[in-house]
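**Q** coordinates only, sequence not included:
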């Protein structure tokens, strides 16, 4: 019997619906070299949990106390993640957690960082801020995670237009299309290129 290389492990963190988690679960369901091994959520009502269960992926629900105490960090380490993907995860990770997984935690943000990032800037808040600022374009940023909201080194950005008649809903839909298209691809590239480092962000 031949030996096969160990698959690269992805752990997803999600707080809500989990549509980006769904795309990752689909992308790597039967992948030869990569698999999603767990989904963690701080929200027991998150639909992302059901999405993971539909794929037979283990789920973990946690609270602020267990995150702060380091329990969540230990649980994640047990899955030996090669990459942790924050896919609509709204809490700031403790510094100790970030330091435990150097260059292994990435996030997707629905704007062109550094614009419209930081605490409280998620979902519709971001899109409304973009519209209010009369921006001509917006997009997505996939970036490494550090101890501060939305300040880690960028990995990839993709742009789209902001139309004069856009509402939060129409703009959100356009940006979400970019998220679904590019997050699985960027994750796969990070895990297959061997360059899981923030030193050379893509344009």
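**A** Good, I have the coordinates. Here the structure is a predicted model, which is why all the values come from computation and not from measurement.
**Q** Is it correct that residue 11 is in contact with residue 87?
**A** No: using Cβ atoms under 8 Å, residue 11 is not in contact with residue 87; the gap is 10.6 Å. Quick note: C-beta positions are derived from backbone N, CA and C, even for glycine.
**Q** where in this protein is pLDDT low?
**A** Low-confidence segments of the chain (pLDDT under 70): 1-4, 194-203.
**Q** the strands in it, which residues?
**A** With DSSP state E as the definition, the chain shows strands at residue ranges 8-13, 34-41, 59-61, 83-86, 105-109, 137-144, 154-161.
**Q** got these as CSV, with distance to residue 167 and mean neighbour count columns?
**A** Rendered in CSV, the data for the strands of the chain read as follows (distance: least, Cβ to Cβ, whole Å; neighbours: other Cβ atoms under 10 Å):
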stretch, distance to residue 167, mean neighbour count
strand 8-13, 29, 25
strand 34-41, 29, 22
strand 59-61, 33, 16
strand 83-86, 26, 24
strand 105-109, 20, 24
strand 137-144, 13, 22
strand 154-161, 14, 16
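**Q** got the contact list for residue 60?
**A** Residue 60 makes contacts with 38, 39, 40, 41, 72, 75, as judged by Cβ atoms under 8 Å, 6 or more residues apart in numbering.
**Q** List the beta-bridge partners for the first one.
**A** As for beta bridges, residue 38 partners with residue 11 under DSSP bridges.
**Q** could you measure it against residue 24, distance?
**A** From residue 38 across to residue 24, the span is 12 Å (Cβ to Cβ, to the nearest Å).
**Q** Spit out the residues that contact these two alike.
**A** Taking Cβ under 8 Å, 6+ apart as the contact rule, residue 38 and residue 24 both touch residue 12.
**Q** List just the one of the strands of the chain that sits closest to residue 117.
**A** Residue 117 sits nearest to strand 105-109 of all the strands of the chain, at 6.1 Å, using Cβ to Cβ.
**Q** who does the closest one touch, helix- and strand-wise?
**A** Packing partners of strand 105-109 (3 or more Cβ pairs under 8 Å, 6 or more residues apart in numbering; DSSP states H and E): strand 83-86, strand 137-144, helix 168-193.
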